[in-house]
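J.: Sequence and predicted structure, then a few things I'm wondering about:
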Amino acid sequence: MDTNNLTCMELVELVTDYLEGALAASDQIRFEQHLAGCEACSTYLQQIRHTIQLTGRLTEEKLEPTSKQVLLDLFRDWKSGEA
């Protein structure tokens, strides 16, 4: 990754690696510097963390049959490249 400032789009692409602790130290610094100056990306990161927290509680049994089918269809389309 280059030494320029991180853009919002780059931050979005790196969120998973950041949350998993998989960024190189220099990239983590750039990521956190961007967060310090960008309220929108800070909010986005909070939303992703909240989503992870909530979906960690979601089980197949808690899904309504219609919702389950929609998710399965979306995943199938994504895997086949149609989504």
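T.: Happy to help now that I have it.
J.: How many neighbouring residues does the spatially closest residue to residue 40 that is not a sequence neighbour have?
T.: Beyond its immediate neighbours in the sequence, the residue positioned closest to residue 40 (Cβ to Cβ, 6 or more residues apart in numbering) is residue 8, lying 6.7 Å away. Any C-beta I mention is one placed from the backbone N, CA and C, and that applies to glycine too. As a burial measure, residue 8 scores 12 neighbours (other Cβ atoms under 10 Å).
J.: other SSEs contacting the helix or strand where residue 15 lies?
T.: For residue 15, the enclosing helix or strand under DSSP states H and E is helix 8-19. On a contact count with 3 or more Cβ pairs under 8 Å, 6 or more residues apart in numbering; DSSP states H and E, helix 8-19 meets helix 25-37, helix 39-55.
J.: Model confidence for the nearest residue to residue 16 once chain neighbours are set aside, exactly?
T.: Of all residues not flanking residue 16 in the chain, residue 22 sits nearest, at 8.0 Å (Cβ to Cβ, 6+ apart). pLDDT for residue 22: 96.
J.: And for residue 22, the neighbour number?
T.: Neighbour tally, residue 22, other Cβ under 10 Å: 11.
J.: how near is it to residue 12?
T.: 16 Å (Cβ to Cβ, to the nearest Å).
J.: just residue 54 next, same as before
T.: Computed as Cβ to Cβ, the residue 54 to residue 12 distance reads 19 Å.
J.: more neighbours, these two?
T.: Per other Cβ under 10 Å, whichever of residue 54 and residue 12 has more neighbours is residue 12, with 13 against 9.
J.: Could you list the low-pLDDT ranges of this protein?
T.: 1-3, 79, 81-83 (pLDDT under 70).
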